[in-house]
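1. Below is the sequence, then the predicted model.
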Protein chains: 2
Amino acid sequence: MSITFSWPEESERSKDALKRPDGVDQFRVLPGQEVDLDEYPTRYEGEITKKKALKELEQSKKRLNLLQQLLYATEKRSLLVVLQGMDTSGKDGTIKHVMDAFNPQGCQVSGFKAPTSEELRHDFLWRVHKVVPARGMVGIFNRSHYEDVLIQRVEEMVPKAVWRGRYESIREFEESITEAGTIVVKFFLHISPDEQKKRLEDRLADPTAQWKFKVGDLRVRAKWDEYQTAYEDALTECSTEIAPWYIVPADRKWYRNLVVSRVLEKTLSDLDLEWPPLEEEAKGIEIE
Amino acid sequence: MSITFSWPEESERSKDALKRPDGVDQFRVLPGQEVDLDEYPTRYEGEITKKKALKELEQSKKRLNLLQQLLYATEKRSLLVVLQGMDTSGKDGTIKHVMDAFNPQGCQVSGFKAPTSEELRHDFLWRVHKVVPARGMVGIFNRSHYEDVLIQRVEEMVPKAVWRGRYESIREFEESITEAGTIVVKFFLHISPDEQKKRLEDRLADPTAQWKFKVGDLRVRAKWDEYQTAYEDALTECSTEIAPWYIVPADRKWYRNLVVSRVLEKTLSDLDLEWPPLEEEAKGIEIE
């Protein structure tokens, strides 16, 4: 028995892409496609209202929860979700408001900050590989191995020849874990510099959020264009058939959450998993 | 600014212990207290209705979520939750229905099944110590180092002198991590053999739950009394001031969940954490 989906009926669909079953594909970077981030909106201006989006998110999360149960029960595949984006783009917020759909028992979040001295004595994929989700599990990367072609490039922590070679290493790494049963989905949360300014100011003003404010983030903000270029190259070089990048308009949090939830839902439902049968020796057994 | 709690007002309190702010203390095994599980009910028969309990659980979980945010933001303490109990007693269910209150980013669930060959070449606390939650985090143990004085004792996997010595090792281990800032809370989910029978039969009958049924569980069920004795000794020997055991009546899932949630809420609120202030160099800063 697999889970069936209540995607909207043909008659209920509007032109708004997110209402179509295949609506999430519009956000996907196709293999070979050259990404120019200026062509991608950061702010959703379509017809879905916030109220409607929040309601749809709740429904989508219920399905996500069921799909994760199936993933956990079958233990055949695992799901790796990569979250990248500039500071305040909503990596933490997406985890809090979408990924809380998952049973914590089947879900592991890994954050990647500045590498430790031990990690620096290994290749850049070492610390990442260790926490790739086991079959049955969902793994969420808050930042990831992509930092090694982003901050390490922009801040010139490694020579160009080194970071250029990493795109291929990443493609091969993601292919290798995919062959072992992991599904890889990557989200770039795309915000505008104006929206970031607003969010940083909000943090400064809110006593329950001030702890998130780091002066160091402003140094990254000052190099906005360089980071966008580094992102464009990473998205162009590493969006493959088996490990696609999705570019999510993230200036509006409620739309960002809905897109991420829908993509995950689509990804998991495409696996077409079924509940495992009762083990052979348990058939016809009586409990005493 | 710390979080204030809406425990029921004096005037609203009934005789029902869970409605008193200190109501959760009734479930706590006091240091030095000798536990006889026959004296502890498995089935709640008090005046709280299921409907009321579910409503209170939702409210409690909202507070839990806020408290965890504080724990995460302050990075001063961590919380370790140990879940133990016979098969079907609700370890998984408690994680699914209570621990989903936590932001997945600040929460890690570790399950302890039969040790691997590498783990067997280490002392019994080795695999457990590795996953003790870091400051700011909640760690949930689905089974734990207590299996080493439960199944290992009943199934005679180690000599008596070995498992007897482990109570002291456990007390010292828990004291040592507590001194470093971890709060330890342990739950024994107490069910009756009749309730287990019913739940196992339900699993057999439900195509979406059959995967959870393992014939091997029946061998453990056959030794019910031996396991209860082993639990009594573990609860008696290892409920300390700093790492208490709580015995939770678990025949009714909705009551079990409410008790666990309330205990966690009380434990975290007793820490009296406050939001960290803005970093010094960020004061008066302007975002450009």
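-> Sure, I can see it.

2. give me the low-pLDDT residue ranges for the stretch 51-200 of chain A?
-> Residues of the stretch 51-200 of chain A meeting the criterion pLDDT under 70: none.

3. what about the helices in it?
-> With helices called from DSSP state H, counting those that start in this stretch, the stretch 51-200 of chain A shows them at A:91-97, A:117-120, A:126-129, A:151-154, A:160-179, A:193-205.

4. Please identify the most buried of these.
-> Comparing these on average neighbours per residue, with mean count of other CB atoms under 10 Å in any protein chain shown, the densest one is helix A:91-97 at a mean of 20. Every residue, glycine included, has its C-beta placed from N, CA and C.

5. Please see if that one touches chain B.
-> Yes: taking CB under 8 Å from any CB of the partner chain as the criterion, helix A:91-97 and chain B are in contact, through A:92, A:95, A:96.

6. Test my guess that the second one contacts residue B:107.
-> No: using CB atoms under 8 Å, residue A:95 makes no contact with residue B:107, being 10.7 Å away.

7. Output the residues of helix A:91-97 next to chain B in a markdown table, with distance to residue B:270 appended to each entry.
-> Supplementary listing: those in a markdown table, determined by distance: CB to CB, whole Å:
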| residue | distance to residue B:270 |
| --- | --- |
| A:92 | 27 |
| A:95 | 27 |
| A:96 | 25 |
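
8. Of the residues you listed, which is the nearest to residue B:76?
-> Among those, residue A:92 lies closest to residue B:76 (CB to CB), at 19.5 Å.

9. quick one: that closest one and residue A:259, what's the gap?
-> When distance is defined by CB to CB, to the nearest Å, residue A:92 is 17 Å away from residue A:259.

10. one step back: I'd like the helices of the stretch 51-200 of chain A as JSON lines, with distance to residue A:212 appended.
-> Compiled in JSON lines, the helices of the stretch 51-200 of chain A are given as follows (distance: least, CB to CB, whole Å):
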{"stretch": "helix A:91-97", "distance to residue A:212": "8"}
{"stretch": "helix A:117-120", "distance to residue A:212": "24"}
{"stretch": "helix A:126-129", "distance to residue A:212": "24"}
{"stretch": "helix A:151-154", "distance to residue A:212": "18"}
{"stretch": "helix A:160-179", "distance to residue A:212": "28"}
{"stretch": "helix A:193-205", "distance to residue A:212": "5"}
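
11. Looking at these, spot the one closest to residue B:125.
-> helix A:117-120 (22.7 Å).

12. Tell me the gap between the closest one and the middle of its chain.
-> Centroid separation for helix A:117-120 versus its chain: 25 Å, with CA atoms, centre = their mean, to the nearest Å.

13. Only C-alpha atoms, please: export that helix in PDB.
-> Listed in PDB are the C-alpha atoms of helix A:117-120, where the atom choice follows Å, rounded to 0.1, in the frame of the first residue of the first chain:
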ATOM      1  CA  SER A 117      41.800  21.700  12.800                       C
ATOM      2  CA  GLU A 118      41.200  18.000  12.400                       C
ATOM      3  CA  GLU A 119      38.800  18.500   9.500                       C
ATOM      4  CA  LEU A 120      41.400  20.800   7.800                       C
END
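
14. And residue A:102, how far from residue A:80?
-> As defined by CB to CB, residue A:102 lies at a distance of 13 Å from residue A:80.

15. And residue A:167, by the same measure?
-> To residue A:80, residue A:167 is 18 Å away according to CB to CB.

16. what do you get for residue A:105?
-> Distance from residue A:105 to residue A:80, counting by CB to CB: 17 Å.

17. who's more crowded, those two?
-> residue A:80 (24 against 21; other CB atoms under 10 Å in any protein chain shown).

18. Show me the beta-bridge partners of the more buried one.
-> Taking DSSP bridges as the rule, residue A:80 bridges to residue A:139, residue A:184.

19. Next one: it from chain B, what distance?
-> Taking CB to the nearest CB, to the nearest Å as the measure, residue A:80 falls 14 Å from chain B.

20. That residue is in contact with residue A:178, isn't it?
-> No: with contact defined as CB under 8 Å, residue A:80 and residue A:178 do not form a contacting pair (9.0 Å).

21. Near chain B, which residues of the stretch 51-200 of chain A? Just list them.
-> Proximity of the stretch 51-200 of chain A to chain B is confined to A:69, A:73-74, A:92, A:95-96, A:99-100, A:102-105, A:107-109, A:111, A:140, A:142, A:197, A:200 under the rule CB under 8 Å from any CB.

22. try 6 Å this time
-> With CB under 6 Å from any CB of the partner chain as the criterion, the stretch 51-200 of chain A comes near chain B at residues A:73, A:95, A:96, A:99, A:100, A:103, A:104, A:105, A:107, A:109, A:197, A:200.

23. Pull the most distant pair out of those residues.
-> Considering CB to CB, no two members of these lie farther apart than A:73 and A:197, which are separated by 45.5 Å.

24. neighbouring contacts of stretch A:182-195?
-> The set of residues external to stretch A:182-195 that reach it, using CB atoms under 6 Å, 6 or more residues apart in numbering or on different chains, is A:40, A:42, A:78-85, A:89-90, A:174, A:178, A:224, A:243, A:245-251, A:260, A:267.

25. In strands, which of those residues appear?
-> Cross-referencing the contacts of stretch A:182-195 with the strands (criterion: DSSP state E) gives A:78-85, A:245-249 as the overlap.

26. out of those, which are buried?
-> Members of these that pass the buried threshold by neighbour count (16 or more other CB atoms under 10 Å in any protein chain shown) are listed as A:78-85, A:245-249.

27. In CSV, list those residues along with distance to residue A:152.
-> Rendered in CSV, the data for these read as follows (distance: CB to CB, whole Å):
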residue, distance to residue A:152
A:78, 27
A:79, 26
A:80, 21
A:81, 22
A:82, 16
A:83, 18
A:84, 13
A:85, 17
A:245, 19
A:246, 23
A:247, 22
A:248, 24
A:249, 27
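
28. of the residues you listed, closest to residue A:217?
-> Nearest to residue A:217 among those: residue A:85, at 12.7 Å, using CB to CB.

29. I'd like to know how far that closest one sits from chain B.
-> 15 Å.

30. quick one, what contacts that residue?
-> Counting by CB under 6 Å, 6+ apart, residue A:85 touches A:91, A:188, A:189.

31. How many residues are close by the residue lying closest to it once chain neighbours are set aside?
-> Residue nearest to residue A:85 in three dimensions, not counting chain neighbours: residue A:189, with 3.3 Å by CB to CB, 6 or more residues apart in numbering or on different chains. In terms of burial, residue A:189 registers 25 neighbours under the definition other CB under 10 Å.

32. That'll do, ta.
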